[in-house]
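In: How does the following fold in three dimensions:
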Amino acid sequence: MTPATPLRADPQIARTGAPDRPVTEVAVGVLLRSDASFLLCTRPPGKVYAGYWEFPGGKIETGESVQQALRRELQEELGIDIGAAVPWRESLVDYPHALVRLHFCKVYDWRGELSMREAQQAAWQQLPVTVAPVLAGTLPVLEWLRAERSAADGTY
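Out: Purely as a prediction, here's the structure:
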């Protein structure tokens, strides 16, 4: 479910392009382990927001499904092959450089050792996260995970 109003990242920075600029579709993997930890990675050097922490993934290419794109991206970036990618939530984020629709999928099964193929860093995290800075599009996911955990534990 996409919010009617996009999350506006860095509102003090001017936007590139017209208000009706095209939406970039992105597949994102929320890799979850049995100990309730999840994988965050830094944006690679040379990319917009380099060094910011986010969930791994990337652009959906023409003709790809969300799951196909996620499989390709996680193989290219992390060197892993994922099992089922369970569609979870969507979020529209208005970054200064692009309007991005993030398609979040939960991933519980993967094969291979993590290999940071784009010189990024990776960290298994639990709530609250200890890495910073965290990319704006990642913040709602952390809240969704917190809400799910609270509902499962019966705490608020």
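In: how long is stretch 12-22 end to end?
Out: 21 Å (CA to CA, to the nearest Å).
In: Quick one: mean pLDDT over that stretch.
Out: For stretch 12-22, mean pLDDT rounds to 87.
In: distance of residue 20 from residue 99?
Out: To residue 99, residue 20 is 9 Å away according to CB to CB, to the nearest Å. No exception for glycine: its C-beta is placed from N, CA and C like everyone else's.
In: quick one: residue 151 is in a helix?
Out: Yes: with DSSP: H, G, I helix; E, B strand; the rest coil as the criterion, residue 151 is part of a helix.
In: about what we covered before: okay, residue 20 and residue 99: which has more neighbours?
Out: Using other CB atoms under 10 Å, the more surrounded residue of residue 20 and residue 99 is residue 99, with 18 against 7.
In: What are the phi and psi values at that one?
Out: Backbone torsions for residue 99, taken as degrees, to the nearest 10, come to phi -100, psi 120.
In: likewise residue 58?
Out: The phi/psi pair for residue 58 (degrees, to the nearest 10) is phi -180, psi -180.
In: Repeat that for residue 145.
Out: Here is the backbone geometry of residue 145 (degrees, to the nearest 10): phi -60, psi -40.
In: In this structure it contacts residue 38, no?
Out: Yes: judged on CB atoms under 8 Å, residue 145 makes contact with residue 38 at a distance of 7.0 Å.
In: Please say which of these two ends up with more neighbours.
Out: Using other CB under 10 Å as the criterion, residue 145 and residue 38 rank with residue 38 on top: 22 against 19.
In: excluding its backbone neighbours, what's nearest the residue nearest the centre of the chain?
Out: The centroid of the chain falls nearest to residue 55 when counting by CA atoms, centre = their mean (3.4 Å). Nearest non-adjacent residue to residue 55, counting by CB to CB, 6 or more residues apart in numbering: residue 28, 4.9 Å away.
In: And for residue 133?
Out: residue 52 (5.2 Å).
In: these two touch, right, that neighbour and residue 131?
Out: No: the pair residue 52 and residue 131 fails to qualify as a contact (CB under 8 Å) at a distance of 9.5 Å.
In: the more surrounded of these two?
Out: residue 52 (19 against 14).
In: buried residues in stretch 22-30?
Out: 25, 26, 27, 28, 29, 30 (16 or more other CB atoms under 10 Å).
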